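Asker: coordinates for the following, if possible.
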Amino acid sequence: MSELTLAKANTIIEIALAKAAEQKFKPLAVVVLDAGGHTIALQRQDGAPFMRHEVAAGKAFGAIAMGSSSRALGQAAIERPHFFQGLAGVSGGRIIPVPGGVLIRDASGAAVGSVGISGDTSDNDEAAAVAGIEAAGFTAGV
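Answerer: So this is what the prediction gives:
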């Protein structure tokens, strides 16, 4: 199992922000969580609204807490709204079920953490997360 270190978390953020710059995305916030949902690293770009890091954290938290990308959680929220009402309650409202929260999987397929990004469209947020995860030597669980 590959460990999700601070150095690798910083690589994820660096590459995600480089992808955003290359694609001319709006300013982003990027959060990397470990397998227990604890923050390893966080950056909010200049010009990103101050709540973006909390939205990014909610995307990442939902992904690692439920073992599924926030894109998949969004679809499940549509299909099973009562379940998600309960999930929102037990999580203290921390889960944001829209694309941009991606699992970080090691070579064995184990989820070692997650990335959440917010600031541009949800699809662009997710693309930046995937770029960062892959650059750090992990597999993105989208």
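Asker: what helices or strands is the helix or strand where residue 104 lies leaning on?
Answerer: Assigned by DSSP states H and E, residue 104 falls within strand 101-105. Judged by 3 or more CB pairs under 8 Å, 6 or more residues apart in numbering; DSSP states H and E, the packing partners of strand 101-105 are helix 52-66, helix 70-79, strand 111-118, helix 122-135, strand 139-141. In short, each C-beta sits where N, CA and C put it, glycine included.
Asker: what does it rub up against?
Answerer: 4, 12, 32, 58-64, 67-71, 73, 111-116, 126, 129-130, 133, 136, 138-142 (CB atoms under 8 Å, 6 or more residues apart in numbering).
Asker: try 7 Å this time
Answerer: 4, 59-60, 62-64, 69-70, 111-116, 126, 129-130, 133, 138-142 (CB atoms under 7 Å, 6 or more residues apart in numbering).
Asker: give me the buried subset of the residues you listed.
Answerer: Listed as buried from the contacts of strand 101-105 are 4, 59-60, 62-64, 69-70, 111-116, 126, 129-130, 133, 138-142; burial here means 16 or more other CB atoms under 10 Å.
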